[in-house]
Every structure is written in C-alpha cells, then in structure tokens.
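Enquirer: Let's see this in three dimensions:
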Amino acid sequence: MSRRLIRNTTGTARRRDPSQPPPESSLEDTIARNVRALRLQAGLSVADAADRIGISKAMLSKIENSQTSCSLATLTRLGLGLDVPVTSLFRDADGEREAVHTPAGQGPRIAREGTQAGHDYELLGALRGQHKRLESLMVTLTATSDTYPLFQHPGTEFIHLLEGVMDYGHSRTVYRLEPGDSLQFDGEGAHGPTALIELPIRFLSVIAFPDSTTR
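Expert: Coordinates of the predicted model:
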C-alpha cells in the first residue's frame, strides 16, 4: 500500500526517491509556489488576485507557473497586493530543510542529569533552528528509578505522558499526570517526578533551548 502525500496549505508535497538528491529549485519556481499558496490562502481567484495586485491575469498565471522572471517592480506589486512582506515570496529559496527521522526503538541512549537516578533517555531527534535548539527525548522510569525533582535548564520543556501515572513537580506545584496528559513549563523552575504511582512510566519530553545553550 503506497503512502499518500499530504499537500501543505503553505506549499506543495512531491514524491521523490529518498536515495536521489533533492531537485534544484529555481528562484522562479520558489516565487511561483509562494504566490500561488498566498493567493489560495487569501481565497482569491487568479482574476481577483491579478486585479488586486495590479497586473494582468495572464501575467499572474505565468508567474504561478514559473514561466517568467519577476522584476523588482512586479515583486513589490505582488507583496502589496497579497499583503505580505516581499521576503515572503522567497520563502524556502535556500533549498531543502533539515529533518531527523528516528525509527522506533533506534534512538541513541544518552546521559542526562537523571541517568544516575535510573531514568532512561532515548534521543528521538535534535535540530538547531534559527533561534533555538530543539531536543526530543523518550524518558522511561521503572522500579529502579528514583524520584528526582530538581532538574533545571534554560528554555521551555513540554512533556506528554504515554504510559503509567506519576506526580510531577514544577516550582511549588505538583501535577498528577496520567496517560494523555501534557505539561509545558519554564525549564529554569526546579522540576521532575516526585512520586511514581504506576510503573512503568514513559513520557515524551521536548525541550526548546535558547540558541546560545550548549549541552
């Protein structure tokens, strides 16, 4: 059974053999994708958008089909007509974006402050974006794990409980977390499990570190 690709509202999804390098996209292709996406988001037909932008319907059609190069004047008109900064027309012009794929159970085990307390950390992925570094962990607590309520780190953390029940403390508050519950908090506040109610416990931890943070 083939996997279906889902079209994103801000762009397009295309089939590609993962073993092949990504196709190079011209600047005209990038502008075409972004103009079409912005027009559709605004709920405009080609004719209506052309009137608003101040160009002919034929010219807008050529732009959306990568059949012409836009002058600076035309780019300015597009930005004003679509009510976006001109830079939005060049979004993703710098090529393929980074992604991390971790098959189930194959994330590397890493050491964190809670490792000595019997907390198992499986790294699911880490990316450094423009402003923050994002780290995703699968945390497992068993009968050999200790409660360890004094983690502190820069940034923001999000946890989502998948299995088990635990009490989780942050600053002066303790939260009872059951499967499906989530908690998001400032990592500078002392935090961690204060009581392991039902074992085993597994939860997803996603931490957005400030860009200057090193781990």
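Enquirer: okay, now L204: neighbour count?
Expert: 15 (other CB atoms under 10 Å). C-beta coordinates here come from the backbone N, C-alpha and C atoms, glycine included.
Enquirer: which ones are touching it?
Expert: 124, 136-139, 159-160, 162 (CB atoms under 8 Å, 6 or more residues apart in numbering).
Enquirer: Now the residues you listed in CSV, please, with extra columns for neighbour count and secondary structure.
Expert: Converted to CSV, the contacts of L204 look like this (neighbours: other CB atoms under 10 Å; DSSP: H, G, I helix; E, B strand; the rest coil):
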residue, neighbour count, secondary structure
L124, 19, strand
S136, 18, strand
L137, 23, strand
M138, 19, strand
V139, 20, strand
I159, 23, strand
H160, 16, strand
L162, 15, strand
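Enquirer: I'd like these as TSV, with pLDDT and distance to G169 appended.
Expert: Shown next, in TSV, are the contacts of L204 (pLDDT from 0 to 100; distance: CB to CB, whole Å):
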residue	pLDDT	distance to G169
L124	83	24
S136	89	22
L137	91	18
M138	91	21
V139	93	15
I159	90	12
H160	91	17
L162	95	19
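Enquirer: between those residues, which is nearest V206?
Expert: S136 (5.0 Å; CB to CB).
Enquirer: on that earlier part again, save the contacts of L204 as JSON lines, and put in distance to S171 too.
Expert: Below are the contacts of L204 laid out as JSON lines (distance: CB to CB, whole Å):
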{"residue": "L124", "distance to S171": "26"}
{"residue": "S136", "distance to S171": "23"}
{"residue": "L137", "distance to S171": "21"}
{"residue": "M138", "distance to S171": "25"}
{"residue": "V139", "distance to S171": "20"}
{"residue": "I159", "distance to S171": "15"}
{"residue": "H160", "distance to S171": "20"}
{"residue": "L162", "distance to S171": "24"}
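Enquirer: closest to M59 among those residues?
Expert: Among the contacts of L204, S136 lies closest to M59 (CB to CB), at 45.1 Å.
Enquirer: who does the closest one bridge with?
Expert: G125, V206 (DSSP bridges).
Enquirer: Compute the first-to-last residue distance for stretch 74-89.
Expert: 11 Å (CA to CA, to the nearest Å).
Enquirer: and it, what's its mean pLDDT?
Expert: Mean per-residue pLDDT for stretch 74-89: 90.
Enquirer: Need the contact partners of that stretch.
Expert: In contact with stretch 74-89 (CB under 8 Å, 6+ apart) are residues 30-31, 34-35, 38-39, 42, 49, 52-55, 59, 63, 70.
Enquirer: one more time with 6 Å, if that's ok
Expert: The contact list for stretch 74-89, computed with CB atoms under 6 Å, 6 or more residues apart in numbering, reads 31, 34, 38, 52-54.
Enquirer: Go through those and name the one nearest F209.
Expert: Out of the contacts of stretch 74-89, the member with the shortest distance to F209 (by CB to CB) is N34, at 30.2 Å.
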